[in-house]
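**Student:** attaching a predicted model along with its sequence, questions to come.
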Amino acid sequence: MEEVVILKSGKKIICNGFAYTVNHNLSTSIRWKCSQRLSKKCPGILITSKGITNPRLIKDHSHAGDHNLTTVEKTKEDMNNRMKITTNKPCQVFSAVVSELPQNCLKSFSSEESIKRTLRNYRNRGIPPKPNSLAELTIKDEWAFYKNERFLLYDNKLNSNDRIIIFALDEGLKYLTEAHTWYCDGNFSLSPENFLQLCVFCVKKYDAFYFKEVFSVILKECDNRKFYPDPQIINLDFEQATINAAQCVLGEHVRIQDGLTFLPMNKVYDGMQYLKTVCTEEATEVLDYFDSTYVNDIYRKSGKGMAIKFKKNKPLFPLEIWNVHEATINGQHRTNNICESWNNRFTHLVGHAHPTVWKLISKMREELGVDRAKIALQELGEGIPTPKKRTGERLKNLCSRVAIDEISEEEFLINIGHCIRKRNKY
């Protein structure tokens, strides 16, 4: 009896070195046509039972069979599966699979470019075409849902030229409502074409319009669902570029600068004055910028000619926003590392920079499934890993001592600098 190899969930079979696809599904049998019917005008016809057994050739083929065909077709299926479950590029999938094939099977393969084109088409199957502009982008039907739940929360395309799209489940809004602290972070590398930023509850820096709109929408949508969030703390990044520059220019003294965030607010100004006495000459410009942006009021010129006046301006980011002395004393989170960690993991899940908006939505929906699984495990009693407490206890101890003047600002900054930067090398 001839062996029938079933491929593609019964849509394609291989028998005696020939591949067939369904031609007619009859009442008691299935009629199959040669897969080379169009390319080679082959009239070959095979009939099997409904269970795809007892094959019987009723029309001969116009070409020879290929006994390597089973291996080749299964290899192609393996490639398709890898394209479905991984983020590897077609060339990576092709190289990984073909390198494991026996030499005698390679001659039965199509060209590399043909296979890679097929793999790209397979991955993009069912995905809408990439929009040429934001005006062409419409998110609807399955793309606006996670399974049967609404996923698209807000899209301002009808009343704004600055496109803002927010995705969230009601379940997620409920978690926001119950949370005491919100963590915000942005990712520029994962933003689709024509978009500036993928935000994990974050906005364009310093732009009050975006900040206001995103937060207003979230609060409004929560209110519509009778959720009333009231976060006491919102952690977000300010200027990572400035921090990086400070590390390069200030070198060893950046440890002390970081310590300013842990000082009691009434001692930060004295701490800044001390820092200016120990920093190197080349660090002065960066330190002055840090001072005017985060610490001290500065005077700026206003007016023209004889009407010039000096106006006292507050720092861009007041102490109340970035100081973590009280948070350290109370054992609260001081950073948004939790959010940044998620961003890093999600970047690896997507697999490359600037994906299409459709791929981004698909990966966000995958991430929802992962998050729900984690929450379910926590509810079953699997605890969340807790960070080591030793550093936190040392920071809390130093903050308590400086608050009651047991140690000076200078001693505090030096000690806390070694505590929080001991593993960094500049």
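**Tutor:** That came through, no problem.

**Student:** what segments of the stretch 51-200 of the chain are helices?
**Tutor:** 69-85, 90-98, 103-106, 112-123, 170-178 (DSSP state H, counting those that start in this stretch).

**Student:** can you redo these as CSV with mean pLDDT, distance to F412 and mean neighbour count?
**Tutor:** For glycine as for every other residue, the C-beta is placed from the backbone atoms N, C-alpha and C. Converted to CSV, these look like this (pLDDT from 0 to 100; distance: least, Cβ to Cβ, whole Å; neighbours: other Cβ atoms under 10 Å):
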stretch, mean pLDDT, distance to F412, mean neighbour count
helix 69-85, 87, 52, 16
helix 90-98, 86, 52, 16
helix 103-106, 80, 69, 11
helix 112-123, 87, 56, 15
helix 170-178, 82, 36, 15
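
**Student:** tabulate these (TSV), appending distance to S62.
**Tutor:** Below are those laid out as TSV (distance: least, Cβ to Cβ, whole Å):
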stretch	distance to S62
helix 69-85	16
helix 90-98	29
helix 103-106	23
helix 112-123	22
helix 170-178	59
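
**Student:** ok, for L219, nearest residue in space, not its chain neighbours?
**Tutor:** P229 (6.7 Å; Cβ to Cβ, 6 or more residues apart in numbering).

**Student:** buried ones in stretch 147-154?
**Tutor:** The neighbour-count check on stretch 147-154 (16 or more other Cβ atoms under 10 Å) flags 151-154 as buried.

**Student:** so I14: helix, strand or coil?
**Tutor:** Secondary structure of I14, reduced to three states by DSSP: H, G, I helix; E, B strand; the rest coil: strand.

**Student:** closest one to I164 among the helices of the stretch 51-200 of the chain?
**Tutor:** For I164, the closest of these is helix 170-178, at 16.7 Å, according to Cβ to Cβ.

**Student:** what packs against the closest one?
**Tutor:** helix 208-224 (3 or more Cβ pairs under 8 Å, 6 or more residues apart in numbering; DSSP states H and E).

**Student:** give me the most central residue, this protein.
**Tutor:** For the chain, F346 is the residue whose C-alpha lies nearest the centre (Cα atoms, centre = their mean; 3.4 Å).

**Student:** quick one: end-to-end distance for stretch 47-61.
**Tutor:** 14 Å (Cα to Cα, to the nearest Å).

**Student:** pull out the buried positions in it.
**Tutor:** Applying 16+ other Cβ under 10 Å to stretch 47-61 flags 47-48, 52, 55, 57, 61 as buried.

**Student:** just flag the most distant two among the residues you listed.
**Tutor:** Taking Cβ to Cβ, no two of the buried residues of stretch 47-61 sit farther apart than I52 and H61, at 19.1 Å.

**Student:** what is the neighbour count of E326?
**Tutor:** 12 (other Cβ atoms under 10 Å).
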